[in-house]
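Asks: Below is the sequence, then the predicted model.
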Amino acid sequence: MPTPPRVESTLTERYQTTIPASVRRVLRLNKRDKVSYEIRSNGEVILTRAVASVEPSLNLEQQLLEVLAQDICSHPEHLQSFEAEVMKRSKMLVQDVKVDLEKPLLEDEE
């Protein structure tokens, strides 16, 4: 079994470092993503991509948008365009619907 590649980075005076591009690619890290460190008893430290958590102070709509945005950034290859027939049907279904963008989605949110 081949030895996995090793990469290094340097600590700044403030104990900060840049995660090398090869590691960012493997972990699929984007700007503002979080990383997790697992410290093992033998002195090894395992760096992984942190599992996304949504702040409890955000409302449901904001939580959904945050999760969607993070998923789109992490996996842009999953994006697909709508088929023309789906778009046509969707437009037909909402053509007479009036929307107040300032109104809360749920009545009891005021």
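Replies: Thanks, I have the structure now.
Asks: Ser9 and Ile19 touch, don't they?
Replies: Yes - taking contacts as C-beta atoms under 8 Å, Ser9 lies within contact range of Ile19: 6.9 Å. The C-beta positions use only the backbone N, C-alpha and C, and glycine is treated the same way.
Asks: Compare neighbour counts for those two and give me the winner.
Replies: Ile19 (14 against 11; other C-beta atoms under 10 Å).
Asks: For Leu101, grab the count of nearby residues.
Replies: Around Leu101 there are 4 residues (other C-beta under 10 Å).
Asks: Leu29 now?
Replies: 19.
Asks: Look up how far Val23 lies from it.
Replies: Taking C-beta to C-beta, to the nearest Å as the measure, Leu29 falls 8 Å from Val23.
Asks: same deal with Lys103?
Replies: Distance, Lys103 to Val23, by C-beta to C-beta: 46 Å.
Asks: ok, now Leu101?
Replies: Between Leu101 and Val23 the computed distance is 42 Å (C-beta to C-beta).
Asks: And stretch 10-22, end to end?
Replies: With C-alpha to C-alpha, to the nearest Å as the measure, the ends of stretch 10-22 fall 15 Å from one another.
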